[in-house]
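# Any chance you could fold what I've pasted below:
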Amino acid sequence: MKILVIMKQTFDTEERIVVEDGQISEDGVEFIINPYDEYAVEEAIRLREAHGGEVTVITVGPERAEQALRTALAMGADKGMIVDDEELDAPDEYTIAKVLAAVVADLDYDIILGGYMAVDDGSAQVGPRLAELLSIPHISTITKLTVDGDKVEVEKDVEGDVEYLEAKLPVLVTAQQGLNDPRYASLKGIMQAKKKPLQRLDLDDLDLDEDELEAKTETLEVFLPPEKEAGKILQGEQKEQVKELVHLLRNEAKVI
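Residues are numbered from 1 along each chain as shown. Model (predicted):
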């Protein structure tokens, strides 16, 4: 089975976000595999263990994103591919999907996995956009995946409920929390990852015109949310507290 994983390197979720001159500062920041993509890497490795084949992990990003690929290889993926985004001007989800589609078009695959969203922008668009460009079915936010021959059965998270779906290969699925528990890279895996193939590409290798990759969205402003004010503790009898609460909601919060 030929398995592809699309992956993004993101801020560590424990990092404190700092905005300088309208941009998020990357100084001294720890970068990791996007947590939802980590579920996709783990599930891809489990598919290969069950059905045989090969797992190729693909990312679009700066040079530092190679670190995330090496982590995926240490977990057990077989190959890595990184497309340098240096020539891309403020890429958005449309741009990234177009680049990934150009990479995947030259590859053999049965299934593509990715995280359902990236924790840095939360758009949840790249996977579905890529599937549309490749003209293959896609299923998002899956929490269980079974492959039987050319048939895929999944359980999909639907706002606290579960939906059961079937599709034919090839298909693209995006992982939700609960799909699996990603393994840690062992020391042996880390050493083996250094010898596994990692291919570096740029836009010229993909025969893509920069004009075709122009972003469809523009970031106008980046800012941190306002600090929360201290809450109020109501005193007195319950009836008095209710009266005071209604007064505050109506006259201060202005929500009623």
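# just the strands in this structure please.
2-7, 9-11, 19-20, 23-24, 31-33, 54-61, 79-84, 111-115, 138-148, 151-158, 161-168, 171-175, 198-201 (DSSP state E).
# Mean neighbour count, the ones you listed: which tops it?
Most buried of the strands of the chain by mean neighbour count (mean count of other C-beta atoms under 10 Å) is strand 111-115; its value is a mean of 28. The way it works is simple: take the backbone N, C-alpha and C, and place the C-beta from them, glycine included.
# Partner strands of it and their direction?
According to DSSP bridges, strand 111-115 forms sheet pairs with strand 2-7 (parallel), strand 171-175 (parallel).
# Dump the strands of the chain to JSON lines, plus mean pLDDT and distance to residue 187.
Listed next are these as JSON lines, based on pLDDT from 0 to 100; distance: least, C-beta to C-beta, whole Å:
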{"stretch": "strand 2-7", "mean pLDDT": "97", "distance to residue 187": "22"}
{"stretch": "strand 9-11", "mean pLDDT": "90", "distance to residue 187": "22"}
{"stretch": "strand 19-20", "mean pLDDT": "80", "distance to residue 187": "38"}
{"stretch": "strand 23-24", "mean pLDDT": "78", "distance to residue 187": "33"}
{"stretch": "strand 31-33", "mean pLDDT": "91", "distance to residue 187": "18"}
{"stretch": "strand 54-61", "mean pLDDT": "96", "distance to residue 187": "20"}
{"stretch": "strand 79-84", "mean pLDDT": "95", "distance to residue 187": "19"}
{"stretch": "strand 111-115", "mean pLDDT": "97", "distance to residue 187": "26"}
{"stretch": "strand 138-148", "mean pLDDT": "96", "distance to residue 187": "29"}
{"stretch": "strand 151-158", "mean pLDDT": "94", "distance to residue 187": "34"}
{"stretch": "strand 161-168", "mean pLDDT": "95", "distance to residue 187": "38"}
{"stretch": "strand 171-175", "mean pLDDT": "97", "distance to residue 187": "26"}
{"stretch": "strand 198-201", "mean pLDDT": "94", "distance to residue 187": "19"}
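# Output those in a markdown table; the columns should cover distance to residue 220.
Listed next are these as a markdown table, based on distance: least, C-beta to C-beta, whole Å:
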| stretch | distance to residue 220 |
| --- | --- |
| strand 2-7 | 27 |
| strand 9-11 | 21 |
| strand 19-20 | 14 |
| strand 23-24 | 13 |
| strand 31-33 | 25 |
| strand 54-61 | 23 |
| strand 79-84 | 27 |
| strand 111-115 | 26 |
| strand 138-148 | 28 |
| strand 151-158 | 32 |
| strand 161-168 | 36 |
| strand 171-175 | 28 |
| strand 198-201 | 31 |
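# closest one to residue 240 among those?
strand 161-168 (41.6 Å; C-beta to C-beta).
# what comes into contact with that closest one?
137, 139, 143, 150-156 (C-beta atoms under 8 Å, 6 or more residues apart in numbering).
# one more time with 7 Å
137, 139, 150-156 (C-beta atoms under 7 Å, 6 or more residues apart in numbering).
# just checking, residue 176 touches residue 139?
No. Applying C-beta atoms under 7 Å as the test, residue 176 and residue 139 come out as separate, 10.6 Å apart.
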